[in-house]
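Undergrad: show me the folded form of this:
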Amino acid sequence: AALADGVYSRSFEGNGLVLHHDPERSGIGLVAVDRNTVPISSCDVLLTFAAYPHEVAAAVEFLHPTKNFALLSYDARAMPEAARRAVRAAACAKGAEEAAMRRGDELFLVGLNSQLRPMSRLATVADAATSVAVPSADIPRFRAVNEETVRLDIDLGYDLGGALADFSVGREGEEGTVVVKALWASYATPTSDGEVDSLVRGMPLGPALEARDRVLAWKLAASAACETNDVDDVDVHLSTKKEKSVKLLDAEFEVVTLARAVNLGVPRRWIDALLAKDPVSRQALVVASVCAGTGAARVLEGGDVVLTAGAARDVCVAFGDAERAVAALADDEHALRLTVCRSGTIMDVTVEVSDASCAGTSRLTHWAGCILQAAHRPVAELGYVPVSKAFSKTGADARLDVFISRWFHGSPAHRYGVYALHWVAEVNDTPAPTLDAFIAIVKDLPDGQFVRLKLVSLQGRPKALTVKLDAHYWPTWELRRDEGGKWE
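TA: A predicted model of the protein is given here:
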């Protein structure tokens, strides 16, 4: 893996679930993995199948910005005939009723251990909707936000990943079917000493199956365009961009008890409405934080209790309620109505939702021994993004988007203090709000020249320093992903 987006290691491994395998017609294979196995898009991926001893290269197709899953694609046609027959897509739960998991349900955990040996055991669902609540790390990196997971009655350790399957599902015309209901997924969590630990929970497959259908749709459309030699088809490119983004309400919620909601000023009639919506969980959603520079940051405040979401004013008690309200918006609609309680006052607000990319970081620039990139979403989740009117032609605030994500020992960046977790604001007193603007300034600078930089930290503190270039040992280069998903 390239050292981007705050990733904490150069290599990862874990288990995945085959969601689509079509070696005969489209040749497309899709695998779902957690984002502690494939955290970023700038990486090489190798798949090893349990059904047949075969390895195949894969590409990252979809990285959900807030949920703990990624989709990988592989060429099913390139596999040996025996492997093509042995590998099959998992039978996944269809519909809300079949996918539902309740406390007391018995499920089989099926997966591979660290020696790639198949393992399984029966377990009981202890909690079917517990918030994973991963805290922010000192180094901004992906973390699951607003995600409900499944907890089992036993601790199976963190090196066994796989899937949670129900062997008792009966479908029409079938005596019994093995149905996968969740991915047994690993979540990276920061520790108090700055290291990274892991916890494993059951992640419902619904969002991954929706993403699978979207990825298949645009890949088949792109394949059809190539077969007709219409590779510049505008509709295909627009579809690809649309299918690789999701609408998000850019706020992180905290689950609180109804008793605490009363202390936050929620009136009794609304407490009764929340209790009627979910008499088992008896909970409410409170805004814990918002992404900087988004519609949510302009409207919502920490401590707001969300009561309803969407035009239908459906009572909102769980993450899924808010997500369904966002999903109900039309493609060209980005205004979401919410009813919130703020310091005891009930108010209706309209929040602009964002189109968040699911493609990951697509450009990395190495300069003077540091890695520059556009600031990834976890940076904005910390609550601050620097802006300046000096960079905007209209006079409005413009965001700085040249972020230092990594530096290398012994480099000019190391020697002169150009450390990670800073934005570049100016180069030689010239504004550099984007990577293109930065490259335009530094590309013609001679080797050995001193360069003045103005930086801004994650806490908003500016600083200025000077760097002496060393183009012989630390040249400037870029790593980019093209429209086809290939890195160059």
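Undergrad: what's the residue nearest the centre of the chain in contact with, if anything?
TA: Geometric centre of the chain, nearest residue: residue 65, 2.4 Å, by C-alpha atoms, centre = their mean. By C-beta atoms under 8 Å, 6 or more residues apart in numbering, residue 65 lies in contact with 142, 246, 248, 356-358, 377. From N, CA and C alone the C-beta is placed, and that goes for glycine too.
Undergrad: how many residues are close by residue 85?
TA: 12 (other C-beta atoms under 10 Å).
Undergrad: please apply the same query to residue 108.
TA: Number of residues near residue 108 (other C-beta under 10 Å) recorded here: 17.
Undergrad: shouldn't it be within a strand?
TA: Yes. Looking at residue 108 with DSSP: H, G, I helix; E, B strand; the rest coil, it is inside a strand.
Undergrad: got a list of what it touches?
TA: Taking C-beta under 8 Å, 6+ apart, one finds 120-123, 164-167 in contact with residue 108.
Undergrad: quick check: closest non-adjacent residue to it.
TA: Closest residue to residue 108 in three dimensions, ignoring its sequence neighbours and counting by C-beta to C-beta, 6 or more residues apart in numbering: residue 165, at 4.9 Å.
Undergrad: confirm that neighbour sits in a strand?
TA: Yes. Residue 165 forms part of a strand when assessed by three-state DSSP.
Undergrad: what secondary structure does residue 324 sit in?
TA: helix.
Undergrad: isn't residue 316 right next to residue 309, touching?
TA: Yes. Counting by C-beta atoms under 8 Å, residue 316 touches residue 309, with 4.4 Å between them.
Undergrad: shared neighbours, those two?
TA: What both residue 316 and residue 309 touch, as defined by C-beta under 8 Å, 6+ apart, is the set 322, 325, 338.
Undergrad: state the pLDDT value of the second one.
TA: It stands for residue 325. Looking at residue 325, its pLDDT stands at 96.
Undergrad: check the last one too.
TA: Residue-level confidence at residue 338 comes out at 97, pLDDT.
Undergrad: dump the helix or strand where it lies to CSV, keeping only the CA atoms.
TA: Following DSSP states H and E, one finds residue 338 within strand 335-342. What follows is strand 335-342, C-alpha atoms only, in CSV (Å, rounded to 0.1, in the frame of the first residue of the first chain):
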residue,chain,number,x,y,z
ALA,A,335,-31.7,19.4,0.9
LEU,A,336,-32.6,17.2,3.9
ARG,A,337,-35.2,18.3,6.4
LEU,A,338,-34.6,17.6,10.0
THR,A,339,-36.4,18.3,13.2
VAL,A,340,-33.9,18.8,16.1
CYS,A,341,-34.1,19.7,19.7
ARG,A,342,-31.5,22.4,20.6
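Undergrad: which strands or helices does that strand pack on?
TA: strand 305-309, strand 345-352 (3 or more C-beta pairs under 8 Å, 6 or more residues apart in numbering; DSSP states H and E).
Undergrad: now the angle from the shortest one to strand 345-352?
TA: Just to be clear, that refers to strand 305-309. Put simply, strand 305-309 runs at 60 degrees to strand 345-352, going by axes from the mean of the first three to the mean of the last three C-alpha atoms, to 10 degrees.
Undergrad: can you name the element that comes right after strand 305-309?
TA: Later in the chain than strand 305-309, the nearest helix or strand by DSSP H and E is strand 314-315.
Undergrad: helices or strands next to that following strand in the packing?
TA: helix 268-277, strand 305-309, helix 319-327.
Undergrad: so what strands line up beside it?
TA: Here strand 314-315 is paired, per DSSP bridges, with strand 305-309 (antiparallel).
Undergrad: got the contact list for the strand it pairs with?
TA: Against strand 305-309 from outside (C-beta under 8 Å, 6+ apart): 253, 261, 264-266, 270, 273-274, 284-287, 314-316, 321-322, 325-326, 336-342, 346.
Undergrad: so which strand or helix has the nearest residue to residue 432 once chain neighbours are set aside?
TA: The shortest distance from residue 432 to any non-neighbouring residue, by C-beta to C-beta, 6+ apart, is to residue 438 (4.2 Å). Following DSSP H and E, one finds residue 438 within helix 435-442.
Undergrad: how about that helix: buried residues?
TA: Buried positions in helix 435-442, judged by neighbour count with 16 or more other C-beta atoms under 10 Å: 435, 437-439, 441-442.
Undergrad: and those as JSON lines, adding pLDDT?
TA: Formatted as JSON lines, the buried residues of helix 435-442 follow (pLDDT from 0 to 100):
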{"residue": "435", "pLDDT": "95"}
{"residue": "437", "pLDDT": "94"}
{"residue": "438", "pLDDT": "96"}
{"residue": "439", "pLDDT": "96"}
{"residue": "441", "pLDDT": "95"}
{"residue": "442", "pLDDT": "95"}
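Undergrad: which of the residues you listed lies closest to residue 368?
TA: Nearest to residue 368 out of the buried residues of helix 435-442 is residue 442 (C-beta to C-beta; 8.6 Å).
Undergrad: just to check, the closest one is in contact with residue 476?
TA: Yes. If you go by C-beta under 8 Å, residue 442 and residue 476 touch, sitting 6.9 Å apart.
Undergrad: that older thread, in a markdown table: the contacts of residue 108, plus pLDDT.
TA: A markdown table is the format used below for these (pLDDT from 0 to 100):
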| residue | pLDDT |
| --- | --- |
| 120 | 86 |
| 121 | 87 |
| 122 | 91 |
| 123 | 91 |
| 164 | 93 |
| 165 | 93 |
| 166 | 91 |
| 167 | 83 |
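Undergrad: top of those residues by number of neighbours, please.
TA: Top of the contacts of residue 108 by neighbour number is residue 164, holding 26 neighbours under the definition other C-beta under 10 Å.
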